[in-house]
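Participant: What follows is a predicted structure for the sequence shown.
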2 protein chains.
Amino acid sequence: MTSFAFRLIATDGAARCGEIATAHGAVATPAFMPVGTQATVKGLAPDTVRAAGADIVLANTYHLMLRPGAERIASLGGLHAFMNWPGAILTDSGGFQVMSLSELRQIDDRQVTFRSHLDGAMVELSPERAVEIQALLGSDIAMQLDECVKLPAARADIDRAMWLSLRWAERSKRAFGDGAGRALFGIVQGGDDATIRHESARALVDIGYHGYAIGGLAVGETPEVTLRVVDEVAPALPAERPRYLMGVGTPENLLDAVARGIDMFDCVLPTRNGRHGVAFTRRGPVSLKNARHAADPRPLDDASACPAARSYSRAYLHHLVKANEMLGAILLSEINVAYYQELMAGMRAAITGGRFADFQAQAKAGWAQGDLVPL
Amino acid sequence: MTSFAFRLIATDGAARCGEIATAHGAVATPAFMPVGTQATVKGLAPDTVRAAGADIVLANTYHLMLRPGAERIASLGGLHAFMNWPGAILTDSGGFQVMSLSELRQIDDRQVTFRSHLDGAMVELSPERAVEIQALLGSDIAMQLDECVKLPAARADIDRAMWLSLRWAERSKRAFGDGAGRALFGIVQGGDDATIRHESARALVDIGYHGYAIGGLAVGETPEVTLRVVDEVAPALPAERPRYLMGVGTPENLLDAVARGIDMFDCVLPTRNGRHGVAFTRRGPVSLKNARHAADPRPLDDASACPAARSYSRAYLHHLVKANEMLGAILLSEINVAYYQELMAGMRAAITGGRFADFQAQAKAGWAQGDLVPL
């Protein structure tokens, strides 16, 4: 069984290309993780996600602990077997969803207590239980429980939540033990405050984790704030560990964050926008609802590696979206997940080839050009 | 370009095994046609439908004439190209949906006028226009426009609708011309009345069609009535033409109708029930909503030719259905379409091998045994 390891292959400026080894295969970085909230990337069978180029998916501890339950999944052989996904899995800690989904919650130093959005039951989640759940799920990369603050927030609240998250980070590491070859990531908190972010990063690095996430972003702040925090935090993290920017983002966000030294991302955008009729392409987002596609026989992108982007006309995709047919959501989710993977593969090749700045400029020029000019 | 043709390969009692040649490949009969109402078999990509074993799908003229429009589809290269389906396509005439979906409708000898359920526009559909629309769609098998009466109905209503349908059949044939290698089927009407059914069949056969459908069933009557009508009508149809029982049915209905000489079927059940959490299996229908599956690691049927029936545990399918995840509907639709195709393939092999009665008994015994006994 391969243990977790990270290897840096090439750098270009601050941008990094590397490889994460896991017991479920290698993950090429920079990596984008499609989100499989409830043990399924919405609308896509695992072989489609794999064929789209994904090495790793993310699953949500909060959802899975409530339904079908971590012990249930463990008894069924763990999350990989349960969802029939052969690649690597990262699980979050549940903290973010506790904040965003459950109405009644109470946080103290010991744990967070919340009301399940499914059946109203009161549920307790401690740093130790979050680690235990993720071990039961058998994810390759586990995240510490943290407290995430919505921005904008008062400095005192950001500070308090960071210190709580840090104490929980220590307890998570103790509970995690050697993890049997699995990895535990610490999460840098501190909102949009550079000083608190630095304190968080320094303390986490002192404790030592397999990787470091930047949490508490993509929670309402502008992309400029996100990037400023990344600019401040990334250099404070050890070069030999992967860096994960949680919950980000658009293709442009990914490009800008990789330029600043980020290695891993997750976001619901490719599948959510796919369900809402929007395709991500080399020429920017394309809304298939738009009537201009109704008679357009061209595929979305006949140079794409994704069969769905080459095989179906815009007119057909428009029809499926207008008719509210499941296949529209399915194909656009597949096209979007594949586009995100293609973008990451392009970044990796550019970093290795020492031409990341060119790649970044070309990708942005393509998006800016828009979809009205033929590809 | 292959022209439409039907070849009888073997018979076993009244059951028939044959092959329909079309410009889009051969269709092995008895054949089940998955329903692609709006130019998509709900939830399934065309390659999945193909891999499940389908040679032919059905598409609905009513839906497609309203959205995106027959002329639009023709300008995009026809329905095969539009929906990216390489196999054969049968289109219905629109008559059935006019009766079941549109509120305001007026029938006279010339045509039916109805209010579109999409935008409220008044739309006219004559036998000639139904033929024209199906030519624009480019379906391999077109159906005449008919009037379908809900059962139970007064004999006078059944009689009137049958004679109207017959006059429309004649006009459809005249409008169809040589059809450029495509086929036109006449539709036997007459409700549950043996005399009217015989009059309809005799008159249609006198005119002469590429194939004959039995319409006006699966509209509220019991399966016994359906089979009695099939018993009465099938022998009145020429042996050298395919016979299509419209809108039927459950696996048991298919078996019983094939035993009575039917060659073709269509029904929304496999995909509709799939979306509602029900799988069709060799041991009868299985509701994945049922809590008894929650911890069951077994696949639905590890001897199935369908990867989805072998690769996912019942526990996972249960979870997807309970969590209302698209993938549950997708996988169960795939499993059901594949099961229907497997059943038809089994019937074809049994007929060719002269053991259809045994096959019928064994299939029914399996369904009766239920799913609680391990497969």
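Facilitator: Okay, I see it.
Participant: What parts of the stretch 201-350 of chain A come near chain B?
Facilitator: A:294-295, A:297, A:308, A:311-313, A:315-316, A:318-320, A:322-323, A:325-327, A:329-331 (Cβ under 8 Å from any Cβ of the partner chain). C-betas here are computed from N, CA, C, even on glycine.
Participant: Write a PyMOL command that selects only the buried members of the residues you listed.
Facilitator: Selection of buried members from these for PyMOL, criterion 16 or more other Cβ atoms under 10 Å in any protein chain shown:
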select buried, chain A and resi 294+308+311+312+313+315+316+318+319+320+322+323+325+326+327+329+330+331
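Participant: Narrow the residues of the stretch 201-350 of chain A next to chain B to those in helices?
Facilitator: A:308, A:311, A:315-316, A:318-320, A:322, A:326-327, A:329-331 (DSSP state H).
Participant: quick one: which two of these are the most distant?
Facilitator: Across these, the longest distance by Cβ to Cβ is 19.2 Å; it joins A:Ser311 and A:Lys322.
Participant: neighbours around A:Gly94, how many?
Facilitator: Neighbourhood size, A:Gly94 [other Cβ atoms under 10 Å in any protein chain shown]: 27.
Participant: just A:Ala368 next, same as before
Facilitator: Neighbour count of A:Ala368, defined by other Cβ under 10 Å: 10.
Participant: was I right about it contacting A:Pro285?
Facilitator: No: applying Cβ atoms under 8 Å, one finds A:Ala368 not in contact with A:Pro285, separated by 11.9 Å.
Participant: looking at chain A, which helix or strand does the model trust least?
Facilitator: helix A:95-101 (a mean of 84; mean pLDDT, DSSP states H and E).
Participant: then that helix to CSV, C-alphas only?
Facilitator: Written as CSV, here are the backbone C-alpha positions of helix A:95-101 (Å, rounded to 0.1, in the frame of the first residue of the first chain):
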residue,chain,number,x,y,z
GLY,A,95,-16.9,22.2,9.7
PHE,A,96,-17.8,24.3,6.7
GLN,A,97,-21.2,22.6,6.1
VAL,A,98,-22.0,22.8,9.8
MET,A,99,-21.7,26.6,9.5
SER,A,100,-23.5,26.9,6.2
LEU,A,101,-26.3,24.2,6.4
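Participant: and the helix or strand just after that helix, which residues are buried?
Facilitator: Sequence-wise, the next helix or strand downstream of helix A:95-101 (DSSP states H and E) is strand A:105-107. Residues A:Ile107 are the ones in strand A:105-107 that count as buried (16+ other Cβ under 10 Å).
Participant: What pairs with strand A:105-107, parallel or antiparallel?
Facilitator: Strand pairing for strand A:105-107, using DSSP bridges, gives strand A:112-115 (antiparallel).
Participant: after the partner strand comes which helix or strand?
Facilitator: Next element after strand A:112-115 (DSSP H and E): strand A:122-125.
Participant: and that following strand, which residues are buried?
Facilitator: Neighbour counts over strand A:122-125 (16+ other Cβ under 10 Å) mark A:Val123, A:Leu125 as buried.
Participant: which phi and psi does the residue most central in space within chain A have?
Facilitator: Chain A has A:Asp266 as the residue nearest its centroid, 1.1 Å off, counting by Cα atoms, centre = their mean. With angles defined as degrees, to the nearest 10, A:Asp266 sits at phi -140, psi 150.
Participant: got the contact list for it?
Facilitator: By Cβ atoms under 8 Å, 6 or more residues apart in numbering or on different chains, A:Asp266 lies in contact with A:Phe32, A:Met33, A:Pro34, A:Val35, A:Leu58, A:Leu90, A:Tyr244, A:Met246, A:Gly247, A:Val248.
Participant: Any idea how far apart the tips of stretch A:184-202 sit?
Facilitator: Across stretch A:184-202, the terminal residues are separated by 17 Å (Cα to Cα, to the nearest Å).
Participant: now stretch A:69-79
Facilitator: End-to-end distance for stretch A:69-79: 11 Å, by Cα to Cα.
Participant: how about that stretch, does it reach chain B?
Facilitator: Yes: Stretch A:69-79 comes into contact with chain B (Cβ under 8 Å from any Cβ), by way of A:Arg72, A:Ser75, A:Leu76, A:Gly77.
Participant: what's near enough to touch the residue of chain A positioned farthest from its centre?
Facilitator: Taking Cα atoms, centre = their mean, the residue of chain A most remote from its mean C-alpha position is A:Ala295, at 35.8 Å. For A:Ala295, the contact set (Cβ under 8 Å, 6+ apart) comprises A:Ala315, B:Arg72, B:Ser75, B:Leu76.
Participant: out of these, who has the most neighbours?
Facilitator: Going by other Cβ under 10 Å, A:Ala315 tops these with 22 neighbours.
Participant: Now the least confident helix or strand of chain A: buried residues?
Facilitator: Neighbour count says helix A:95-101 has A:Gly95, A:Phe96, A:Gln97, A:Val98, A:Met99, A:Leu101 buried, by 16+ other Cβ under 10 Å.
Participant: overlap between the residues you listed and the residues near chain B?
Facilitator: Counting by Cβ under 8 Å from any Cβ, no member of the buried residues of helix A:95-101 reaches chain B.
Participant: Mind putting those residues into JSON lines with distance to A:Leu217?
Facilitator: Output for those, formatted as JSON lines (distance: Cβ to Cβ, whole Å):
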{"residue": "A:Gly95", "distance to A:Leu217": "14"}
{"residue": "A:Phe96", "distance to A:Leu217": "11"}
{"residue": "A:Gln97", "distance to A:Leu217": "16"}
{"residue": "A:Val98", "distance to A:Leu217": "18"}
{"residue": "A:Met99", "distance to A:Leu217": "14"}
{"residue": "A:Leu101", "distance to A:Leu217": "18"}
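Participant: Tell me the one among those nearest to A:Lys173.
Facilitator: A:Gly95 (15.6 Å).
Participant: Would you indicate which residues of stretch A:133-152 are buried?
Facilitator: A:133-149, A:151.
Participant: Spit out the contact partners of A:Pro68.
Facilitator: B:Ala294, B:Ala315, B:His318, B:His319, B:Lys322.
Participant: Would you mind measuring from the second one to B:Thr250?
Facilitator: Relative to B:Thr250, B:Ala315 is positioned 26 Å away (criterion: Cβ to Cβ, to the nearest Å).
Participant: ok, and the closest non-adjacent residue to A:Val258?
Facilitator: What sits nearest to A:Val258 in space, not counting adjacent residues and going by Cβ to Cβ, 6 or more residues apart in numbering or on different chains, is A:Pro30, at 4.7 Å.
Participant: In three-state terms, how would the residue in the stretch 51-200 of chain A that chain B sits nearest to be classified?
Facilitator: Across the stretch 51-200 of chain A, the shortest distance to chain B (Cβ to the nearest Cβ) belongs to A:Pro68, at 4.8 Å. Look at A:Pro68: counting by DSSP: H, G, I helix; E, B strand; the rest coil, its state is coil.
Participant: got the phi/psi numbers for it?
Facilitator: phi -90, psi 0.
Participant: For it, give its distance to A:Gln38.
Facilitator: Distance, A:Pro68 to A:Gln38, using Cβ to Cβ: 9 Å.
Participant: shared neighbours, these two?
Facilitator: Residues touching both A:Pro68 and A:Gln38 by Cβ under 8 Å, 6+ apart: B:His319.
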